[in-house]
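# I'll drop the sequence and a predicted model, then ask my questions.
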Amino acid sequence: MLLEFIYPLVTYLTPLNVLQYITFRGAYSALTTLLICFLCGPRLIKALHRLKVGQVIRTDGPATHLQKTGTPTMGGLLIILSVVFSLLIWQDLHNTKVWLTLGAFVALGLVGFIDDFIKVHFHNSAGIPAWAKLLGQGLVALTVVLILYFSGDEETTLLYVPFLKYPVLDLGVLWIPFGVLLIMGESNAVNFTDGLDGLATGLLILVFTALALLTYISGRADYAAYLGIPYLAGSGELTVFCLAMIGACVGFLWFNSHPAEVIMGDVGSLSMGGVIAVISLIIKKEVLVLVIGGVFVLEIASVILQIASFKIRKKRIFKMAPLHHHFEESGWQETKIVTRFWILGGLFVIIALSTLKIQ
């Protein structure tokens, strides 16, 4: 909005020239979401308490989690609303990539909101049926991927892998199901990870930090050429989105750190997980994002392996899945698990970014 209505006044007020810089608008988009979370967080928590929007804990989970029963949930609404407000101020509103990303973010948040609402309203930890949740995610993912497929160029369906400068494969029409599965998988991976106070939020800060850097250099022809990665015009504006997400997550972590005053809920985890995949599809980092969010991959992989092992062998691999529950059942304290998973997440980000120079 500022770029649209205020920047034209640069002729009369030259300091407004800073608005053309993505880094400036990105920094202030992060500051905006951070301040909104700090200012509105306590009010939201009080409102959720008043409306009795409390977390319903699954009975088959770790016994230590029963004390979290009643903790206000659906805190992801704070993240979504702060990001939308910030982007309307600082984003280039003519950029279609931003609108597509924002649309997917809000739509997946709506799927999560419905699931959270069912849990709270009917005091049922299951929420909506799994097939209904997957259907909602699938419809959003398919819409996004089809838009990218039919509005993109020959670069869209190419598959790049870490350590290699050139694409290894042109997926063609198979890129559509590939993209849908990536969005749904990443969305659910973050959802599975969101089980301990601050765990998913801290990891999301790390992931969006990496994506902010990748979107920026992908939108700069000079940096992209130097690093040997695809230059994608307009993708630099997604840096503003990523930095807004970082600010919102940092602000939310203030209230979500142990012991959590508010829980993200599916409205937050499904939307943020899905939008990570959407951004990776746009900037052609579909494989690299699996390294960046390596902890999320480990979490969802642990669930898949646990289910497969039990169905085939009638034996469990882990004491409990997702993976963080396994360590809880092994006697690790919640704060120790969260801190160590954050460290592991940071290592995955460093490894992923190092591939930019090793190719």
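Looks like it arrived, so ask away. Residues are numbered from 1 along each chain as shown.
# can you map out the strands along the protein?
For the chain, the strands defined by DSSP state E occupy 158-159, 169-170.
# point out where this protein drops to low pLDDT.
3, 5, 7-9, 11, 56-68, 359 (pLDDT under 70).
# neighbours around Leu139, how many?
13 (other C-beta atoms under 10 Å). For every residue, glycine as well, the C-beta is placed using N, CA and C.
# same check on the one 5 residues further on?
A count of nearby residues for Val144, using other C-beta under 10 Å, gives 25.
# roughly how far does it sit from Leu196?
As judged by C-beta to C-beta, to the nearest Å, Val144 and Leu196 stand 29 Å apart.
# mind listing what the closest residue to Phe178 other than its chain neighbours touches?
The shortest distance from Phe178 to any non-neighbouring residue, by C-beta to C-beta, 6 or more residues apart in numbering, is to Leu171 (5.8 Å). Residues in contact with Leu171, defined by C-beta atoms under 8 Å, 6 or more residues apart in numbering, are Thr157, Leu158, Leu159, Phe178.
# of all these, which comes closest to Arg25?
Arg25 lies nearest to Leu158 out of the contacts of Leu171, by C-beta to C-beta, at 29.7 Å.
# tell me the contacts of the closest one?
By C-beta under 8 Å, 6+ apart, the neighbours of Leu158 are Pro167, Leu169, Asp170, Leu171, Pro230, Lys284.
# now with 10 Å, please.
Applying C-beta atoms under 10 Å, 6 or more residues apart in numbering to Leu158 gives the contacts Tyr166, Pro167, Val168, Leu169, Asp170, Leu171, Gly172, Trp175, Pro230, Lys284, Glu286.
# tell me the helices in the stretch 201-350 of the chain, going along the chain?
Ranges of helices in the stretch 201-350 of the chain, per DSSP state H, counting those that start in this stretch, are 221-227, 238-256, 266-282, 288-292, 294-313, 323-329, 334-354.
# so which of these is the most packed in?
Compared across the helices of the stretch 201-350 of the chain, helix 266-282 shows the largest average neighbour count, a mean of 28 (mean count of other C-beta atoms under 10 Å).
# kindly list the longest helix within this structure.
In the chain, with assignment by DSSP state H, the single longest helix is helix 22-50.
# tell me the buried residues in it?
For helix 22-50, a neighbour-count test (16 or more other C-beta atoms under 10 Å) marks 22, 25-30, 32-34, 36-38, 40-41, 44-45, 48 as buried.
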